[in-house]
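> following is a predicted model, sequence given first.
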Amino acid sequence: MVGSIPRNFIDELLARIDIVDVIDKRVPLKKAGNSFKACCPFHTEKTPSFSVSSDKQVFHCFGCGVSGSAIGFLMNFEHLDFVEAVQELANSIGLEVPFEKNKNKSMESRADNADYYQLMKKVEAYYIKQLKSNPDKQSAIDYLKRRGLTGETAKMFGLGFSPSGWNNLEKYFHADSKLKQQLISTGMLISKESGQVYDRFRNRIMFPIKDKRGRVIAFGGRVIDDATPKYLNSPETSIFHKSSELYGLYHVLGQSPRPDQVIVVEGYMDVVSLAQHKINNAVATLGTAITQNHVQQLVRHVSEIVFCFDGDSAGRNAAWKALEVSLPFTKNDISFSFIFLPEGQDPDDVVKQNGAQGFVQFVSIAKPLSEFMLDRLIEDHDYRSMDGQAGLLEKAKPLLRQIPSKGFVQLIVARLSQYIGMSSSELMAEIMPKSNSSSRKARVGMAKSEKPSILRLAIAMLLERPSFAEDVKKPEIFASLRLPGAMLLQRLLVFIQSRPNVNTAGIMEEWRGKEEEAALVSVLNWSHHVPEEGFYSEFSGAMQQLEQKVKEQELGDLINRSKSSSLSNEEKARMIELIEEKHSPVH
């Protein structure tokens with residue numbers, strides 16, 4: 001998780017900074033009892049549900065569920081990666097990040113990437129210059145004018161021109177061997193087996209592709225003549241990963257850090273054309289289908305996502321793929337919908353014919369995800385026959401099981417039951433069998449619906465006061481306890497004992513992105529009503545009870561084993577010891 005930054009430095013950093021100061025500089029906070037509150041910067045809301053705890057040094061939104069340490073906040077709010085967020089916090093209090101030297105050369109790779117970002121910025125400036133001054137610029141300018149783009153829009157998106165020729169970049173930059181290799185590594189030059197190099201982009205309108213921080217990471221080029229391919233993107237590089245990037249997202253977030261809605265279109269020319277008409281909330285994938293990485297990026301910033309595709313079979317298949325990867329993100333505060341363009345038209349045609357307001361109205365009739373999914377399922381299966389109903393059910397089950405909101409699933413099931421010869425309750429039992437639910441609770445171990453337990457209380461007290469772990473002599477014994485959450489308790493104890501200076505924020509940072517994170521967040525925000533002066537006695541009492549349960553479980557296992565096979569002398573002695581201890585007046 002921490003890459004080349006020592007773990008003890010992360011602990012020190014989180015202990016020295018104040019998360020309230022970090023967040024208050026970016027989102028004004030108001031005192032509310034023992035914590036601070038604000039409207040959440042990560043989803044749209046009118047009533048504040050975003051809470052920051054000075055004692056625990058963590059934040060949590062009770063509306064959208066986002067939570068974490070000051071590091072996690074900066075990663076989400078300022079679109080930084082982990083190392084960048086750590087550096088930002090360290091700089092704010094005058095600390096220098098002590099990067100470790102390691103064999104995988106991660107530091108060297110990070111330095112290379114920094115060079116690449118600087119180089120790509122210079123390449124962008126070169127293409128912009130060519131659009132202004134190259135003798136062959138007129139064909140590019142004429143194309144942009146035909147598409148109705150103004151100079152203002154071209155400047156807003158940094159549009160440029162790559163002239164004809166094979167070695168323009170190499171000549172312009174007077175590239176030595178090192179710079180030439182950097183241009184190859186960023187995908188701007190292509191190297192032949194002979195060692196010769198040539199420009200990847202020639203005689204094209206150039207669209208710089210930027211990450212969420214505004215750094216140029218790649219380019220897309222659109223031909224001016226009849227050459228092929230019509231659109232060409234940079235290849236995958238160390239700073240550009242197509243499955244994670246969305247063209248135009250930087251522009252959208254620049255208009256508003258929390259836009260009400262984002263429209264996902266199919267190409268970067270669509271994004272630019274819509275912006276020309278003051279529709280500044282469109283993004284596009286970069287020659288790939290929608291991925292979960294794309295959706296995950298979007299739901300961090302927006303609560304309403306509209307997928308806009310061509311109305312042909314290819315467009316509808318692309319929409320279905322988008323639906324499948326969106327299902328795990330469907331929650332009460334996140335909505336997905338789908339709209340299909342008239343045959344032979346793209347978003348540019350629709351907005352030119354109907355104006356910006358007409359396009360907005362067109363988008364407003366998009367089908368919600370549930371309707372699109374059911375319509376497609378019903379369309380593909382003859383529900384009037386038993387075989388068709390069976391096929392419909394089998395197709396629907398794996399889709400509905402990906403949806404985290406049970407209430408949302410129930411709404412879909414209510415309509416689906418009209419096409420299958422089963423009641424809603426029967427259908428719900430078929431789609432979401434209790435065994436699945438039970439196994440999931442067992443994995444996480446701390447489901448909200450469970451009654452408060454001694455184990456939940458022990459973890460809660462440990463999160464409140466990590467120093468309590470020092471008094472637990474044998475944390476390894478809890479790994480064998482067959483109770484939901486026991487393994488998590490054992491891992492927490494071992495982790496804290498190995499990091500004696502860690503605070504609550506450091507614990508949450510260690511578990512960020514892991515399966516147990518949701519369970520820890522749930523416990524951390526649980527109103528256990530234990531007074532502060534009673535924390536240690538509650539923790540100590542809970543641990544004693546859990547130790548007793550470990551012994552009772554061990555005794556039960558030995559007794560059961562003795563009924564089917566003979567015990568070793570050591571096992572017999574241990575069983576006698578446990579029986580005597582169980583029946584002694586004090587244990």
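In hand now; what should we look at?

> my guess is residue 86 meets residue 96, correct?
No - counting by Cβ atoms under 8 Å, residue 86 stays clear of residue 96, with 11.2 Å between them. Placement of C-beta: from N, CA and C, glycine included.

> quick one: which of those two has more around it?
Each of residue 86 and residue 96 has its neighbours counted (other Cβ atoms under 10 Å); residue 86 has more, 25 against 9.

> state the distance from the more buried one to residue 14.
Going from residue 86 to residue 14 by Cβ to Cβ, to the nearest Å gives 10 Å.

> with residue 392 instead?
Per Cβ to Cβ, residue 392 is found 51 Å from residue 14.

> ok, these two, which is more surrounded?
Using other Cβ under 10 Å as the criterion, residue 392 and residue 14 rank with residue 14 on top: 25 against 20.

> okay, the helix or strand harbouring that one in PDB with CA atoms only?
Counting by DSSP states H and E, the element that carries residue 14 is helix 7-16. The C-alpha coordinates for helix 7-16 follow below in PDB (Å, rounded to 0.1, in the frame of the first residue of the first chain):
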ATOM      1  CA  ARG A   7       5.300   2.700   7.400                       C
ATOM      2  CA  ASN A   8       6.500   4.400  10.600                       C
ATOM      3  CA  PHE A   9       6.700   7.700   8.700                       C
ATOM      4  CA  ILE A  10       3.000   7.300   7.700                       C
ATOM      5  CA  ASP A  11       2.200   6.700  11.400                       C
ATOM      6  CA  GLU A  12       4.200   9.800  12.400                       C
ATOM      7  CA  LEU A  13       2.600  11.900   9.700                       C
ATOM      8  CA  LEU A  14      -1.000  11.000  10.600                       C
ATOM      9  CA  ALA A  15      -0.200  11.600  14.300                       C
ATOM     10  CA  ARG A  16       1.300  15.000  13.700                       C
END
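
> which other helices and strands contact that helix?
helix 70-77, helix 82-92, helix 504-510 (3 or more Cβ pairs under 8 Å, 6 or more residues apart in numbering; DSSP states H and E).

> same thing but 7 Å
helix 82-92, helix 504-510 (3 or more Cβ pairs under 7 Å, 6 or more residues apart in numbering; DSSP states H and E).

> could you point out which element follows the longest one?
Spelled out, that is helix 82-92. Next along the chain after helix 82-92, taking DSSP H and E as the criterion, comes helix 106-133.

> got the angle between that following helix and helix 82-92?
Angle, helix 106-133 to helix 82-92, by axes from the mean of the first three to the mean of the last three Cα atoms, to 10 degrees: 90 degrees.

> give me the distance from helix 106-133 to the chain's centre.
Relative to its chain's centre, helix 106-133 lies at 27 Å (Cα atoms, centre = their mean, to the nearest Å).

> how far out from the middle of the chain is the helix or strand that it is followed by?
Per DSSP H and E, the first helix or strand lying C-terminal to helix 106-133 is helix 138-146. Offset of helix 138-146 from its chain centre (Cα atoms, centre = their mean): 39 Å.

> now swap in stretch 409-424 and tell me
That offset, for stretch 409-424, works out to 31 Å (Cα atoms, centre = their mean).

> how long is it end to end?
Stretch 409-424 stretches 11 Å from its first residue to its last (Cα to Cα, to the nearest Å).

> cool, and stretch 466-486?
By Cα to Cα, the extent of stretch 466-486 from end to end equals 17 Å.

> can you name the element that comes right after the helix or strand of the chain with the lowest mean pLDDT?
Lowest on mean pLDDT, DSSP states H and E among the helices and strands of the chain sits helix 434-444, with a mean of 44. The first helix or strand that comes after helix 434-444 along the chain, using DSSP H and E, is helix 454-464.

> per-residue pLDDT, the most centrally placed residue in the chain?
By Cα atoms, centre = their mean, the chain has its centre lying nearest to residue 296, at 4.1 Å. pLDDT for residue 296: 83.

> for residue 469, helix, strand, or coil?
helix (DSSP: H, G, I helix; E, B strand; the rest coil).

> give the contact list for it.
Applying Cβ atoms under 7 Å, 6 or more residues apart in numbering, we find residue 469 in contact with 462, 493, 496-497.

> going through the residues you listed, which ones are buried?
462, 493, 496 (16 or more other Cβ atoms under 10 Å).

> dump the residue contacts of the second one.
So the one you mean is residue 493. 469, 472, 475.

> need the residues you listed in CSV with distance to residue 174, can you?
Formatted as CSV, the contacts of residue 493 follow (distance: Cβ to Cβ, whole Å):
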residue, distance to residue 174
469, 60
472, 65
475, 62
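
> helix, strand, or coil at the nearest residue to residue 538 once chain neighbours are set aside?
Counting by Cβ to Cβ, 6 or more residues apart in numbering, residue 538 lies nearest to residue 530, which is 5.2 Å off, once chain neighbours are set aside. Here residue 530 is recorded as coil under three-state DSSP.

> name the residues of stretch 541-559 that are buried.
For stretch 541-559, the neighbour count (16+ other Cβ under 10 Å) marks 542-543, 546-547, 549-550, 554-555, 558 as buried.

> typo on my end, it should be stretch 507-514
507-512.

> lowest pLDDT pick from these?
residue 512 (84).

> low-confidence ranges, the protein, go.
1-3, 100-111, 332, 434-452, 583-587 (pLDDT under 70).

> and it, what are its domain boundaries?
Domain assignment for the chain, taken from automatic domain parsing, gives 7-92, 112-240, 381-432, 446-583.

> now these in TSV, with distance to residue 266?
TSV is the format used below for those (distance: least, Cβ to Cβ, whole Å):
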stretch	distance to residue 266
domain 7-92	24
domain 112-240	10
domain 381-432	23
domain 446-583	30
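
> re earlier: what's the closest of the buried ones among the contacts of residue 469 to residue 211?
residue 496 (35.8 Å; Cβ to Cβ).

> which residues touch the closest one?
Neighbouring residues of residue 496 by Cβ under 7 Å, 6+ apart: 466, 469, 502.

> helix, strand, or coil at it?
helix.

> quick one, helices of the stretch 301-450 of the chain?
313-326, 347-364, 369-380, 386-400, 406-416, 424-431, 434-444 (DSSP state H, counting those that start in this stretch).

> these: which one's closest to residue 126?
Using Cβ to Cβ, those put helix 347-364 closest to residue 126, at 27.4 Å.

> give me the helices and strands touching the closest one, please.
Here helix 347-364 touches helix 268-276, strand 335-341, going by 3+ Cβ pairs under 7 Å, 6+ apart.

> buried ones in it?
347-348, 350-352, 359-360, 362-363.

> out of those, which is nearest to residue 70?
Closest approach between the buried residues of helix 347-364 and residue 70, by Cβ to Cβ: residue 363, at 37.2 Å.

> identify the single longest helix in the chain, thanks.
When the chain is parsed with DSSP state H, its longest helix is helix 535-564.

> alright, calling it a day.
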